[in-house]
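Asks: build me a model:
(2 chains)
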Amino acid sequence: MANLGRRALLLIASIAFLAYVLAPIAWLVSSSFQSESELTSKPPHWIPHQPTLENFATIFTANDRVVTYETRSEGVTATSGFVPSTAKYLLPAMWNSFVVAITVVVLNLLVSIPAAYAMAKIRFIGRTSSIYFMLVTRVIPDIALVVPFFLFIRKLGLLDNLLSLIITYLAITIPFSVFVLLSYFESLPDELDKAARVDGCSRLQTLLRVFLPLAMPSLVAVMLFSFLTSWNEFLLALMFTQTPAAQTMPIIVASFTSDFTISFSFINAAGVVAIIPPVILAVVFERYIVSGLTAGAVKG
Amino acid sequence: MARIKFERVSKRYPNGFKALENLNLDIQDKEFLVLLGPSGCGKSTTLNMIAGLEDVTEGNLFFDSAVVNAVPPHRRDVAMVFQSYALYPHKSVYENIAFGLRMRKHPQDEIDRRVRDAARRLEIEPLLERRPNQLSGGQRQRVALGRALVRQPSVFLMDEPLSNLDAALRISMRAEIKQLHQAMHTTFVYVTHDQAEALTLADRIVVMREGVVQQIGSPDEIYERAHNMFVASFLGNPPINYLDGQLEVGNGAVTFRRGGLALLIPPELAQKLTAFAGREVAIGIRAEDVSEHGAPPAGQALAGQITSVLPVGSDNFLEIEVDRKQLFFRVGKEVHHKVGDSVVLAVNVSRLHVFDKQGGQSLIWQKVQA
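Replies: Numbering: from 1, shown residues only, chains lettered A, B, ... in the order given. Now for the predicted structure:
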């Protein structure tokens, strides 16, 4: 009986938690299929009465339309005409975000894998201090770095260039990536490293043929972390980019709220499009995610 | 082909810890050498240096006549078995064994033949497709052995390979390792802290302590002619007994005296001790070097009171109090003993160990200043 009560309680708690996490997303998805007039009608409802793809169509055809103060309310029924003037930049901005995120992921792996292996398995002078130093950089809030970063980027002449974002995102993500991989590599026994080297592997071969295959969950965690950080980053992108040539998805989506008028259904449709890439990644790597995030805590 | 020579080799870690101090050691081709000592004595460091896994801080390490200080492990022809086995968790047993051959670019059909040969020899053929986590400790141990022997290296290194096995398996694996050494005709260097393993396996034993070699010799030499109290204490079960006292020299005869106890040292040992008249010494009596049959002759009697009787199946261990000291001896089961009895044992004085009380050096087997 107690067991049944306990299970019921757990079930209710799980449902409450799921609702808490999923309700905003459900609302986002639901409203993206509603027209602006349906969305703003009373009472609000979860299931669209007249589902429409107009919002999405607008995103993909925005390029063909010139939206000005005069023409802003012309012709689009789904949005009641309130198409943001920056709507046509959404897809290019997503592409920018994607390029930045993928580059950051690849460079993250290239730098943090050898760094973590060296720190975990090679005893060199300054090893401990370099680990602490990297951890310390994670304690500094990003906002404290914005001004020095800005001056640095301006000196390099990289303002309004995707490279500025790639460089600064690397600075933010690599310490964390190294830390995750370091704790995983450290959890692998030293004797495994020695066995591989006696068996004929150089250091690099040991890393590639023995450590990396075992570190898949941690690698996936690192890839997801660096991708999502880059994909979602707002503050630095706001500082360093000024034109659609380099602006990323969060900047453009944010700009939708500072236009002549605000179309909630259109913004929500943009939100749905924005979460598609991370969702695809999460689904593909789902089986590695849980074990990867706990890899540092529990011995692999 | 594999004579290994340490020439004044020292090892210091960046934190200042001295793991090895001025090691001189000549390992013969096809020898079974055991490095024996408590943890932290430098035996694993020595082994890792042979493998190339640790740098030599000072001195030279030779393979045959070539200095190999800077040669990385994958360019040395050595194979190693680890205490934790260190099997690759993501590879099958077959691939674990084949890995070293693959890294050395052997042709596929030769790899297959050698892996299957090794598996047959170690009786792990049915396990070839399994993963390490599906194996028992003993099976993992065999795979680890297979991974090493398939390479047919010129030096075989073993770092406490049996320590993680249960007692029965450990003894049968000991015999197998010995057979392996005879069959393979290669040099074996074996690290252990287990004296029984060392005594059964070794051609020669190196006893180490805190980075310094204490004694190098055959198992018999090490056991019967220990150079100092550390070596004498480290081997033997139950451990050797010590009694402090003085040496008395008179008329060419040497006597050990402690209170009412007098042991007459036999002539062949006495002649090495005549210079040490009046010296404070500790004599060592191995647990098995007493007899309880018949009345002991004068100069061999050791009288005491039994404080406990510990049967171990084949024998009894007696704990005896002699002049306020607790001593342990191993005796047969013919005579019935009980706690509180007085007993007089005959000491086999020709097997006595005599150590300088100051430095713990053997006065018989070491050159100590009189």
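Asks: residue in the stretch 51-200 of chain A with the shortest distance to chain B?
Replies: A:G200 (3.3 Å; C-beta to the nearest C-beta). C-beta coordinates here come from the backbone N, C-alpha and C atoms, glycine included.
Asks: ok but that residue is inside a strand, no?
Replies: No - remark: A:G200 does not belong to a strand; assigned using DSSP: H, G, I helix; E, B strand; the rest coil, it is coil.
Asks: what sits closest to it if chain neighbours are left out?
Replies: Take A:G200 and drop its neighbours on the chain: the residue closest to it by C-beta to C-beta, 6 or more residues apart in numbering or on different chains is B:M103, 3.3 Å away.
Asks: was I right to think the residue of the stretch 51-200 of chain A closest to chain B contacts B:G100?
Replies: Yes - proximity of A:G200 to B:G100 meets the contact threshold set by C-beta atoms under 8 Å, at 5.4 Å.
Asks: which of those two has more neighbours?
Replies: Taking neighbours as other C-beta atoms under 10 Å in any protein chain shown, A:G200 and B:G100 compare with B:G100 leading, 24 against 21.
Asks: get me the contact residues on the stretch 151-300 of chain B for chain A.
Replies: Proximity of the stretch 151-300 of chain B to chain A is confined to B:151, B:157 under the rule C-beta under 8 Å from any C-beta of the partner chain.
Asks: hey, where'd the strands end up in the stretch 151-300 of chain B?
Replies: Secondary structure of the stretch 151-300 of chain B (DSSP state E, counting those that start in this stretch): strands located at B:155-159, B:187-192, B:204-209, B:212-217, B:241-250, B:253-258, B:261-265, B:280-285, B:290-291.
Asks: with mean neighbour count and distance to A:L90 added, can I get the ones you listed in TSV?
Replies: Putting the strands of the stretch 151-300 of chain B into TSV (neighbours: other C-beta atoms under 10 Å in any protein chain shown; distance: least, C-beta to C-beta, whole Å) gives the following:
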stretch	mean neighbour count	distance to A:L90
strand B:155-159	24	61
strand B:187-192	25	66
strand B:204-209	24	71
strand B:212-217	19	74
strand B:241-250	17	87
strand B:253-258	18	98
strand B:261-265	19	100
strand B:280-285	21	89
strand B:290-291	19	95
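Asks: what's the spacing between the spatially most central residue of chain A and A:A274?
Replies: Ranked by distance to the mean C-alpha position of chain A (C-alpha atoms, centre = their mean), the top residue is A:L228 at 1.4 Å. Noted for A:L228: a distance of 12 Å to A:A274, by C-beta to C-beta, to the nearest Å.
Asks: how about B:N241?
Replies: For B:N241, the distance to A:A274 - C-beta to C-beta - is 81 Å.
Asks: how about the residue in the stretch 201-300 of chain A that chain B sits nearest to: what's its closest non-neighbour residue?
Replies: With C-beta to the nearest C-beta, the shortest gap between the stretch 201-300 of chain A and chain B falls at A:P213, namely 4.8 Å. If the residues on either side of it in the chain are set aside, A:P213 comes closest to B:H90, at 4.8 Å by C-beta to C-beta, 6+ apart.
Asks: that neighbour belongs to a helix, doesn't it?
Replies: No - counting by three-state DSSP, B:H90 is located in no helix; its state is coil.
Asks: picking that back up, got the contact list for the residue of the stretch 51-200 of chain A closest to chain B?
Replies: Neighbour list for A:G200: B:74, B:99-100, B:103-104 [criterion: C-beta atoms under 8 Å, 6 or more residues apart in numbering or on different chains].
Asks: now with 7 Å?
Replies: B:74, B:100, B:103-104 (C-beta atoms under 7 Å, 6 or more residues apart in numbering or on different chains).
Asks: out of these, which sit inside strands?
Replies: Judged by DSSP state E, strands contain none of these.
Asks: which among the residues you listed end up buried?
Replies: Neighbour-count burial (16 or more other C-beta atoms under 10 Å in any protein chain shown) is assigned, among these, to B:74, B:100, B:103.
Asks: from chain A, how far off is the first one?
Replies: For B:H74, the distance to chain A (C-beta to the nearest C-beta, to the nearest Å) stands at 5 Å.
Asks: quick check: phi and psi on the closest residue to that residue other than its chain neighbours?
Replies: Leaving out its chain neighbours, the residue that sits closest to B:H74 by C-beta to C-beta, 6+ apart is A:G200, at 4.6 Å. Phi and psi for A:G200, reported as degrees, to the nearest 10, are phi 120, psi 10.
Asks: A:G200 and B:S362, how far apart?
Replies: Counting by C-beta to C-beta, the gap from A:G200 to B:S362 is 45 Å.
Asks: coming back round to it: want to try TSV for the strands of the stretch 151-300 of chain B, with mean pLDDT and distance to B:A175 as columns?
Replies: Listed next are the strands of the stretch 151-300 of chain B as TSV, based on pLDDT from 0 to 100; distance: least, C-beta to C-beta, whole Å:
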stretch	mean pLDDT	distance to B:A175
strand B:155-159	93	15
strand B:187-192	94	14
strand B:204-209	95	18
strand B:212-217	94	23
strand B:241-250	91	31
strand B:253-258	89	40
strand B:261-265	90	39
strand B:280-285	93	30
strand B:290-291	90	31
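Asks: using TSV, lay out those strands together with distance to B:K30.
Replies: Below are the strands of the stretch 151-300 of chain B laid out as TSV (distance: least, C-beta to C-beta, whole Å):
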stretch	distance to B:K30
strand B:155-159	10
strand B:187-192	6
strand B:204-209	12
strand B:212-217	17
strand B:241-250	38
strand B:253-258	42
strand B:261-265	40
strand B:280-285	34
strand B:290-291	39
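Asks: and the residue of chain B closest to chain A?
Replies: Counting by C-beta to the nearest C-beta, chain B gets nearest chain A through B:M103, at 3.3 Å.
Asks: mind checking pLDDT for that residue?
Replies: pLDDT for B:M103: 92.
Asks: what's the answer for A:N63, then?
Replies: On pLDDT, A:N63 comes in at 63.
Asks: now swap in A:M216 and tell me
Replies: The model's pLDDT for A:M216 equals 86.
Asks: check contacts around it.
Replies: A:Y288.
Asks: how close does it sit to A:Y117?
Replies: 15 Å.
Asks: hmm, back to that, what's the spacing between the residue of the stretch 201-300 of chain A closest to chain B and B:A86?
Replies: In terms of C-beta to C-beta, A:P213 sits 15 Å off from B:A86.
Asks: more neighbours, these two?
Replies: Using other C-beta under 10 Å as the criterion, A:P213 and B:A86 rank with B:A86 on top: 27 against 13.
Asks: give me the three-state assignment for that one.
Replies: Using three-state DSSP, the structure places B:A86 in coil.
Asks: so for it, what's the pLDDT?
Replies: For B:A86, the pLDDT comes out at 90.
Asks: ok, it - contacts?
Replies: Counting by C-beta under 7 Å, 6+ apart, B:A86 has contacts A:189, A:191-192, A:194-195.
Asks: can you do 10 Å?
Replies: A:188-196, A:198-199, A:210, B:80, B:96, B:132, B:140, B:144, B:147, B:159 (C-beta atoms under 10 Å, 6 or more residues apart in numbering or on different chains).
Asks: re earlier: go ahead and confirm the residue nearest to A:P213 touches B:P132.
Replies: Yes - when contacts are counted by C-beta atoms under 10 Å, B:H90 is listed as touching B:P132 (9.0 Å).
Asks: so which of these two has more stuff around it?
Replies: Taking other C-beta under 10 Å, B:H90 and B:P132 do not tie; B:P132 has more neighbours (20 against 15).
Asks: what's near enough to touch that one?
Replies: Counted by C-beta under 10 Å, 6+ apart, B:P132 has contacts B:85-93, B:96, B:139-140, B:143-144.
Asks: same list, those residues, but as a markdown table with distance to B:S172 please.
Replies: Listed next are the contacts of B:P132 as a markdown table, based on distance: C-beta to C-beta, whole Å:
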| residue | distance to B:S172 |
| --- | --- |
| B:Y85 | 17 |
| B:A86 | 22 |
| B:L87 | 20 |
| B:Y88 | 26 |
| B:P89 | 26 |
| B:H90 | 30 |
| B:K91 | 27 |
| B:S92 | 25 |
| B:V93 | 20 |
| B:N96 | 22 |
| B:Q139 | 13 |
| B:R140 | 15 |
| B:V143 | 16 |
| B:A144 | 16 |
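Asks: fine by me, thanks again.
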